[in-house]
Every structure is written in structure tokens, then in C-alpha cells.
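1. quick one, fold the following:
(one chain, ligands or ions: 1)
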Amino acid sequence: MNDDTDSVNVGAEVAPDRSRDVDRAILDGELVEDQPFPSVRLPWRLRLKRWWQASPRVPVSLKTHEQATQLVKDWITVVLRSPWRLLRAVGRGLVTGFRLWRRWVTVRDYREAAEESQKLADKFTEIRELTLFRWKVTGAVSVAAGVLIAVAAYVWGEVPLWTIGGVACVALAVLGRRKDGQPGRKPSLSGSRALTWTMDPQILVDAFRDAKLLGKDESLRLVQRASRVGDGWSVTVDLPATRKAADVVKHREALASALAVDEIQLMVERVRGNGGHAGRVAMWVADEDPYAKPPLRTPLVNVQHWDAWKPVPFGRDARDRKIDLPLVWTSLLVGAIPRQGKTFATRLAAAGLILDPHTRLYVADFKAGKDWMAAEQVAHRFLSGDDAEHIVALKDWLVELVAEVQDRYRRMRDLDDEVCPESKVTPAMSRDTALNMPITALFIDEVQVPLEDRTPIEVQGKNVPAGEYIGELLTWLAKKAPAAGIVLVLATQRPDSKTIPSGLRAVLGSRFALRVMDWRDSNIVLGEQMNTRGHDSSRLLPSHKGVGILRPDGETEAGADVLAMTVRTYYMPGEDWQEICRRGRALRQAAGTLTGHATGEDTAVRVDPVAEAKAISSEAKVMAELPEPLAEVLEYVNEHAGDREFIPTAELVDALDVDPNAFGRQMTELGCSSERRRVPAEDGELRQVRGYVVADLRRMAALQRDGGDP
Ligand SMILES: Nc1ncnc2c1ncn2[C@@H]1O[C@H](COP(=O)(O)OP(=O)(O)OP(=O)(O)O)[C@@H](O)[C@H]1O
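-> Residues are numbered from 1 along each chain as shown. Presented below is the predicted three-dimensional model:
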């Protein structure tokens, strides 16, 4: 075969030659090896570029333009700072040299040894003589050196003076250099430590050591030098082999203290996926409080139409990255103490859905203020108030929605695979008016009001508190409805475990916690143990209105691997909100999708008793019949116990946020007694703790349900 086929340049003028060569080869009757892909020799520049990017020998800082620019800048800084650094090193060298000489001239080591062996008095004369002798040596050397220098200066002029001065400076600078791991004596008033690490990576290493994230002999490896990103500095480091990036994230505050910045200015993330590993940390330090800037308006004011299937613009993180919130196929819980921006955040989520005319909206405002009034013109169902009639109305909506979800699943079963490939609403299905399965969003502001309501209502011949029943319906919906295209968005001022049942919290996919009172409340919104993973919204400042921690259910701009992030929500004042609602109404009118309350029709839901009876799943019914705290315990066990046989009492008390003594007493009254067992603790050691055997809890629950005495 012709040699040319081995290496062919990619190019229009070369290709025809090659085909002719191959044809000739076949006509000659030679054996042609079938090559699936001809080997194409790339231009040398491209090959060099690929090698450069892939080679582990080329430093990362020379691989990208930004990093290389940063490297040049760093070197210029080093050169400019070098006279000052030399001066300081010489100064340190002088002090160190002087101390060494004093130690020698006063015969300090001999004196200390004599002191230790309590023979100072015996050796005193000897030491004194030695001291005198050393003083004499010092004097003689000084005089000799002075004379030598003077003679040399007399004979050769200034040159020897400069040479001796230079050599002495270098010697002193070497003596006074900062050694790795020994940053030297730090003056107690050295000014701000903030950002000096960007110049000198040793300071970063010291900060990690001060924060107890590195041992004395350990060091960091710089993966990416400090470079400017947005209004701050970014750096990526590798920890030593035994250290975990997750621990750095957890101890962010200690690191912020060591770097002398507010923890709100420090972002620490694990670098995951292909470019990262469990010990790689990306840090970003803002120059100033990134949330103290003027609020940003939501970009939704500038759009005429939004697709509900696209994540809704929600806010920006500290690095000014856009954070969008996916809403379809999930649900959202927003929690905060009053006046932190809860309603504003919830309205942001609503705005995206309002601007999609194929979305149906249920809005229940138990704050009974003006905040949601503009949504009346687009909502299919709307209520504003906190009286018993409003709570009953909400219950009826929920029953209606449960029936709707059941109906949607039934209809989806009958649809062919092309229209509905799995039991989930698709974008095309949600927009098909004939199918009547639009994305339906239920917004409840101040959801604690209906959930705490104790008014008895009759459900299947039994009187149950309205709040409990609403809680069960919401739990059912949060579990089953997202796939059927129903989105729940709940906002609460009281994110405690008594108000929002743990079963409901567990099934709400996305969480957004603005400032709360303490870490327990933050964990209730964001999920268990989130404070130990570095996410605690009680640490946010009161002045940070609209800033919260988002734990999204799905991918955001910050990456799919990011568990939670601090977000500053966009600001959408009343006039923007009203404008968006007006636009939403116009869009619906044009699309012919304006329904229910927005068209002025009487929307009091007439609940079909049969639908209501079917509405609650058997699980919810079972839970309702169990007395507290057993119902909550069982719910927790079902969700978190996994295959464990034993649950420590401390874990239950913590998760349910109950008083340990009262809890133990109530459980005993219900026939559940705790016992001691040895279980592995966090450090892997076995510890004896009190707790409950999961099988016993289940048996007791079954007995309670059957009405049997324990
Ligand atoms: N993203 C934001 N940027 C700046 N300020 C904001 C932002 N979000 C909300 N605020 C400010 O915070 C104030 C309180 O917001 P909001 O009414 O949403 O609080 P809330 O938590 O719902 O209060 P309450 O619990 O009393 O209903 C608003 O008046 C607004 O000025």
C-alpha cells in the first residue's frame, strides 16, 4: 500500500490524491489492510498545544492565559517587593546574629547546664573567666576587622567596602530568612492579615495550621495560584493525603478567623468530579462583604414570557454567579424569622411561573396582607386571610389537588409511550390543553397558620384537627404530586418541628433558609446535620435581607455537586411584581388559559365526598391514628433508619426537637421502653447508649393501630 496513506494532512487539496492512491493500490491487487479510521497527523502546533494542556510536567499556571497573566503579575510584585523583603530579612538577620553572639559571649549554654545541675556557685569563677575571654576575643576580632577594612579601603578605595557590605547583607538575609513551617516571630500588632496570603502562600499555609486544618509538619500544594475572580481572590489548593476537603468546608469559620476575614467573605468548596478529588479545596475570598451591595433587580422584569420548565432566576451567590432555581418536578420550603425576605423569595419563584401562560396557580396567603394581592388576576384559586373559613378552603383545595393527581396518574397510564414515556408529565403534555395537565403550582405563605390550626373538622366520620389533616394532605402531595406536574411552594415563619411535620419536611425537595434564630431552626429548613457541614443560616447577618442558604433539588450554575450555597435573592419590589402579574394575565388571555378566580368565577370548591375518602393514602391514615410521639418516631424511623436495628434516644430527641425526659415518659406510656446497647460512635469506637430497637417500635405501632393494649 502506498506510504502516503499512513500520514495524511487534513486539507481539501490533499484528500483527492489519497483516494487515487488507495484506488491504485486495490487495482494492483495488493492486500489492503482495512483501517477503520485513517490516522490523521495533526499540525505540529495543535499537537504541541494538546501536549502542553495534558502534560503533568507543565505547571498549571502556564496552561491558561489568565493563569499565565497572573503569574507574570505575581513575578512583577515579587521583583518590586524584593528590596523591602531583603531589608526585612537583613533586619531579622541582625537581630538573630546579635542574639547568637550574646548567647556565646555570656556562655549561656554552660551557665544553664551548671544551673540545672545546681553547681552554678562552683563554676561561677570559671564562667566569669570564660565570659571575659570571649569579650576580649570579640574586641580583638572587631578591632582586627576594622583595621583590615580601613587598610583595604585605603589601598583599593570603595570597592572592598561595597563587597564586604554585600556579602554581609546576603549572610544576614540568609540568617534571617523565613524558614518553611516557621514563619518567624510575628509582631503582635502586624496590621491586617487579610489578603497578605495572596502574595505569600506561606501565610495561607500558616492560616490552615492556625485553624487546625493542617499539622505542624504538613503543607499545602498550590494547584492554582491566587488570582482575581470577580471582586475577590480565588485559590485552589491540595491538602496533604490524610486530610479531607469536607473538613475545611466544615471549619470555614476557623479558617476565616485565621485569614482575618468575616466568614461571610470566605467561600470554601470541594472540587469534585474529573478535575478534583476529596482533598482539593477551592477558596474564594471577597474583598468586602459581598452581600452589602445594593440589591439587584430580577431579570424577569425584562422578559415578556418565561418557560416554567426552565429554572427560575433566583439570585446571585457571593461570586456573582447566577443561581436559577428548578421548580418543576420538585417542591420548595422557604423558612425564616419575620422580615428577612421570605415573601419576596417566594414571589420570585412565583414570578417565573406566572410568566408562563400554561401554568395554573393556587395562591393561599395566610399573612393576609397586600404582598400577594396582584396574583389574584392570574390565579386559578386565590385566598387571603387567616380565619377558619380560609383554612377550610385550603383543605378543600388540597383535596381537589389530591384527586387531580390521582386522576392524572390514571390518565397517564392510558397514554401511549410516545406521548408519556414514564409516569411523569413532560413539557409537551403540560402545554397540551386537550390533555389538561398543566404545571400547577400551589403557593402557601405563612403555612404555619393552617398547620397549627386545631379546629376540628370531620374526615370520614371522625373529628380531626384541621392542621393535622392539612399536614397529611400536603405530605401526600409533596410525595406524589411533583411527577404529576404539581409544584408545592411553602413559606413559613416558624420552621420548628412541631409546626412543619418531619414527614412533610423530608419530602420537600428544595429548601431555602433565610436568617433564623439558631442552628436547630436552620437544620429544620435545610435538613439534618447541615450546620455541621458548614451551612447554618442563623449565622447570616440581620442586615442581609434576602440572603439565605439554598439547598436545591437539581443542578444550578454552581454545579450539580454543590450541596448548598449562600444566595442573595433578586430584589423584586411591589411595582415589578404587579407588572409581572399584569403580563402573566395578558399572556393567559392571549393563550386562552385564564381560568378560575382570575376570571371572576365563584371558585368555592365543592368537595366530592368519594374523592375525599380516596384522597388520603393508607399511609397517611395510619399515621393519623398513631398517638404522638410514636407517630413522629415511626415516621423518622421509616425515613432515616435504613437497615439499622437500633436508634439511639439522643438521635430521636435531636431530630424531633423534644424534651428528653417528657419524650422518655410518653414513650414508656405507649409501651416502648428504651434499652442500652453498644453502638459505633463517630470516631469508630463502640459506645454504650440508650435507644430503641426498631422492630419493637414497629411492633408497638402495629399494636396501637389495631387498638390492642401494648
Ligand atoms: N433580595 C432582597 N434584597 C434586598 N432587600 C430585600 C430582598 N428581599 C426582601 N428584602 C427586604 O426585606 C423586607 C422584608 O421582606 P418580606 O416581606 O419578604 O419578609 P418576610 O420574611 O416575608 O416577613 P414576614 O414574615 O413579616 O412576612 C422587604 O421589605 C424588603 O425591603
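2. now do the spatially most central residue of the chain against residue 522, distance only.
-> With distances taken as C-alpha atoms, centre = their mean, the chain has residue 564 as the residue nearest its mean C-alpha position (3.1 Å). Look at residue 564 and residue 522: by C-beta to C-beta, to the nearest Å, they are 10 Å apart. Placement of C-beta: from N, CA and C, glycine included.
3. now for those two: what residues contact both?
-> Taking C-beta atoms under 8 Å, 6 or more residues apart in numbering as the contact rule, residue 564 and residue 522 both touch 530, 535, 549.
4. before we move on, back to that, got a list of what the residue nearest to the centre of the chain touches?
-> Per C-beta under 8 Å, 6+ apart, neighbours of residue 564: 526, 530, 533, 535, 549-552.
5. can we see that at 6 Å?
-> 535, 549, 551 (C-beta atoms under 6 Å, 6 or more residues apart in numbering).
6. nearest spatial neighbour of residue 424, skipping sequence neighbours?
-> Leaving aside its sequence neighbours, residue 424 sits nearest to residue 483 (C-beta to C-beta, 6 or more residues apart in numbering; 4.6 Å).
7. just the element for the closest residue to residue 101 other than its chain neighbours, please.
-> In this structure, residue 101 finds its nearest non-sequential neighbour in residue 138, 7.5 Å apart by C-beta to C-beta, 6+ apart. In this structure, residue 138 sits in helix 120-156 according to DSSP states H and E.
8. picking that back up, quickly note the distance from the residue nearest to residue 101 to the ligand.
-> For residue 138, the distance to the ligand equals 70 Å [C-beta to the nearest ligand atom, to the nearest Å].
9. ok, residue 698 next?
-> 39 Å.
10. what's the burial count for the residue in the chain positioned nearest to the ligand?
-> Residue of the chain nearest the ligand, by C-beta to the nearest ligand atom: residue 546 (2.4 Å). Residue 546 is flanked by 22 other residues according to other C-beta atoms under 10 Å.
11. quick one: residues contacting it.
-> Counting by C-beta under 6 Å, 6+ apart, residue 546 has contacts 341, 569.
12. per-residue confidence at it?
-> You'll see residue 546 listed with a pLDDT of 91.
13. one more: residue 580?
-> Residue 580 is given a pLDDT of 96.
14. these two touch, right, it and residue 350?
-> No - checked against C-beta atoms under 6 Å, the pair residue 580 and residue 350 is beyond contact range at 8.7 Å.
15. between those two, point out the one with more neighbours.
-> residue 350 (29 against 26).
16. quick revisit: most neighbours out of the shared contacts of residue 564 and residue 522, which is it?
-> residue 535 (26 neighbours).
17. wait, it sits on residue 549?
-> Yes - shown here, residue 535 and residue 549 form a contact pair, counting by C-beta under 6 Å, at 5.2 Å.
18. residues in contact with the nearest residue to residue 250 once chain neighbours are set aside?
-> Once flanking residues are discounted, residue 250 sits nearest to residue 534: 5.1 Å by C-beta to C-beta, 6+ apart. Going by C-beta under 6 Å, 6+ apart, residue 534 touches 249-250, 252.
19. a markdown table for these, including secondary structure?
-> As requested, the contacts of residue 534 are exported to a markdown table (DSSP: H, G, I helix; E, B strand; the rest coil):
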| residue | secondary structure |
| --- | --- |
| 249 | helix |
| 250 | helix |
| 252 | helix |
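20. what's the first helix or strand after the helix ranked longest in the chain?
-> Counting residues, the longest helix found in the chain (DSSP state H) is helix 65-105. Going down the chain from helix 65-105, the next helix or strand is helix 108-116, by DSSP H and E.
21. quick one: mean pLDDT for that next one?
-> On average, helix 108-116 scores 81.
22. just the angle between that helix and helix 65-105, please?
-> With axes from the mean of the first three to the mean of the last three C-alpha atoms, to 10 degrees applied, the angle from helix 108-116 to helix 65-105 works out at 60 degrees.
23. what comes up buried for helix 108-116?
-> Neighbour counts over helix 108-116 (16 or more other C-beta atoms under 10 Å) mark 111, 114 as buried.
24. how far away from the center of its chain is that helix?
-> 57 Å (C-alpha atoms, centre = their mean, to the nearest Å).
25. what about residue 575, neighbour count?
-> For residue 575, using other C-beta under 10 Å, the count is 10.
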